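Q: Fold the following and give me the result.
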Amino acid sequence: MPHFSVIIPLYNKAPYVAKTVESVLAQTHGDYELIIIDNGSTDGSNGVISQITDPRIQIVRLEENVGVSNARNKGVELSTAPYVTFLDADDWWEPTFLEEMAALTERHPGAGIYGTGYYIVKNGKKRVAPIGVEDGFTEGEINYCRVYAKTLCMPLTSISICMPRAVFEESGRFPANIKLGEDFLLWIRVALKHKVVLLNKPLSNYNQDVDVTYRGTHKKVYDPDTFSTFYFDQFAAEERSNRDLKVLLDKLRVYSLMTFRRDNKYPERVMKELSKVDFSNVEPIYKFYYKTPYWMVKTYLTIIHLLSSIKQRIV
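A: Reported below is the predicted structural model:
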């Protein structure tokens, strides 16, 4: 039995997936199985991965796109290792990711989820993601909600964690219908019941240079039924008693709903979510953004966009 099951959900990432898979095969810790769920790709992705041969690779081809959550869940169903980890098909790991994850689980047994730092890759340059741990923090248990709320930069991502397969199953898996923020809902469920351990060392690469044809975007307005923010009510009881969770959810509400407010989409559902916010927990600009008439907000945003365009031309 391998120590890790690595799950890669794949949908139309032909230009990127070879690098992703090669980063797994280049791991210094070789005790793993790699399960690739080809989620109904139509761009030749399956041809790319078929050319990569290794006995640890299992490729499962689905006839249609069932969504990233279902693809990951399917991968876990097929897995055999005690620890599961995930890698998106346009991102990649540093060579020691699994080695250092294995050592982290040994040094801190019994946690519900383990994470590492990660790089954000943009315009060909890598920078360390500014997650909100204290200066000098190297590794250990973290207050997930407090760390996340500090900078709103995700301390846990779907490409930088591993977790016991038993914890994954008991926590309800990835929610099937969510297209954005599905991993956050799972991490919160885990963090409310288990220890979260972080190694503050960047070992994953979150690729923001992906062509927009091949990725989702935070700038578009999602159907509320597929957007994680509209599912925070599942934590209502914990939110009332857990101050750190309350602050985090309030900050995520006002931040994530900005595109809805900008385009005046689903206003009733947006205002219902905002009615749950304690605005003393968030920056003052959000009170203006959501509590002034829409036409004033629209005018403000138009002016800001115009000034930004002028500045870009001058520079």
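Q: what's the distance between the residue nearest the centre of the chain and I120?
A: Residue closest to the mean C-alpha point of the chain, counted by Cα atoms, centre = their mean, is T157 at 4.1 Å. Here the criterion is Cβ to Cβ, to the nearest Å. By it, T157 lies 10 Å from I120. Where you see a C-beta, it was placed from the backbone N, CA and C, and this is true even at glycine.
Q: try P164
A: 27 Å.
Q: out of the two, which sits in the busier spot?
A: P164 (20 against 16; other Cβ atoms under 10 Å).
Q: That one is in contact with Y83, isn't it?
A: Yes. P164 is within contact range of Y83, at 6.1 Å (criterion: Cβ atoms under 8 Å).
Q: which residues of this protein fall in strands?
A: Counting by DSSP state E, the chain has strands at residues 4-10, 32-39, 57-62, 83-86, 92-93, 113-122, 125-128, 139-142, 161-164, 196-207.
Q: possible to save these as JSON lines with distance to Y300 and mean pLDDT?
A: What follows is the strands of the chain, written out as JSON lines (distance: least, Cβ to Cβ, whole Å; pLDDT from 0 to 100):
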{"stretch": "strand 4-10", "distance to Y300": "39", "mean pLDDT": "98"}
{"stretch": "strand 32-39", "distance to Y300": "40", "mean pLDDT": "97"}
{"stretch": "strand 57-62", "distance to Y300": "45", "mean pLDDT": "96"}
{"stretch": "strand 83-86", "distance to Y300": "39", "mean pLDDT": "98"}
{"stretch": "strand 92-93", "distance to Y300": "40", "mean pLDDT": "98"}
{"stretch": "strand 113-122", "distance to Y300": "27", "mean pLDDT": "97"}
{"stretch": "strand 125-128", "distance to Y300": "30", "mean pLDDT": "96"}
{"stretch": "strand 139-142", "distance to Y300": "37", "mean pLDDT": "98"}
{"stretch": "strand 161-164", "distance to Y300": "38", "mean pLDDT": "98"}
{"stretch": "strand 196-207", "distance to Y300": "31", "mean pLDDT": "98"}
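Q: For M296, which of these is the nearest?
A: strand 113-122 (32.8 Å; Cβ to Cβ).
Q: Which strands border that closest one, and is each parallel or antiparallel?
A: strand 125-128 (antiparallel), strand 161-164 (antiparallel), strand 196-207 (parallel) (DSSP bridges).
Q: Need the winner for burial among those.
A: strand 161-164 (a mean of 24; mean count of other Cβ atoms under 10 Å).
Q: okay, R262: pLDDT?
A: In this model, R262 is scored at 86, pLDDT.
Q: which ones are touching it?
A: Counting by Cβ atoms under 8 Å, 6 or more residues apart in numbering, R262 makes contact with V297, L301.
Q: Tell me which residues of stretch 22-42 come out buried.
A: Neighbour-count burial for stretch 22-42, counted by 16 or more other Cβ atoms under 10 Å, picks out 23-24, 27, 29, 32-41.
Q: cool, and stretch 140-155?
A: I142, N143, Y144, C145, R146, V147, Y148, A149, K150, M154, P155.
Q: next one: phi and psi at the residue nearest to the centre of the chain?
A: Backbone torsions of T157, given as degrees, to the nearest 10, read phi -130, psi 170.
Q: isn't it right up against E182?
A: No. Using Cβ under 8 Å, T157 is not in contact with E182; the gap is 11.9 Å.
Q: ok so, going back, would you enumerate the residues in contact with the residue nearest to the centre of the chain?
A: T157 neighbours (Cβ under 8 Å, 6+ apart): G115, Y118, D183, S204, Y206.
Q: try it again with 10 Å
A: Counting by Cβ atoms under 10 Å, 6 or more residues apart in numbering, T157 touches 86, 88, 91, 115-116, 118, 129, 131, 183-184, 187, 204, 206.
Q: and the gap between it and E99?
A: For T157 relative to E99 (Cβ to Cβ), the value is 19 Å.
Q: Then V133?
A: For V133, the distance to E99 equals 22 Å [Cβ to Cβ].
Q: Residue ranges in the protein under the pLDDT threshold?
A: 211-219, 308-309, 311-315 (pLDDT under 70).
Q: Domain map for it?
A: The chain is divided into the following domains under automatic domain parsing: 4-214, 224-314.
Q: Ranking these by mean neighbour count, which comes first?
A: Of the domains of the chain, the one with the most neighbours on average (mean count of other Cβ under 10 Å) is domain 4-214, at a mean of 18.
Q: State the distance from P95 to H194.
A: For P95 relative to H194 (Cβ to Cβ), the value is 28 Å.
Q: What segments of the stretch 201-315 of the chain are helices?
A: 236-241, 243-256, 258-263, 267-274, 284-291, 294-314 (DSSP state H, counting those that start in this stretch).
Q: Any chance of the ones you listed in JSON lines with distance to T53 as columns?
A: Shown next, in JSON lines, are the helices of the stretch 201-315 of the chain (distance: least, Cβ to Cβ, whole Å):
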{"stretch": "helix 236-241", "distance to T53": "47"}
{"stretch": "helix 243-256", "distance to T53": "42"}
{"stretch": "helix 258-263", "distance to T53": "43"}
{"stretch": "helix 267-274", "distance to T53": "49"}
{"stretch": "helix 284-291", "distance to T53": "52"}
{"stretch": "helix 294-314", "distance to T53": "47"}
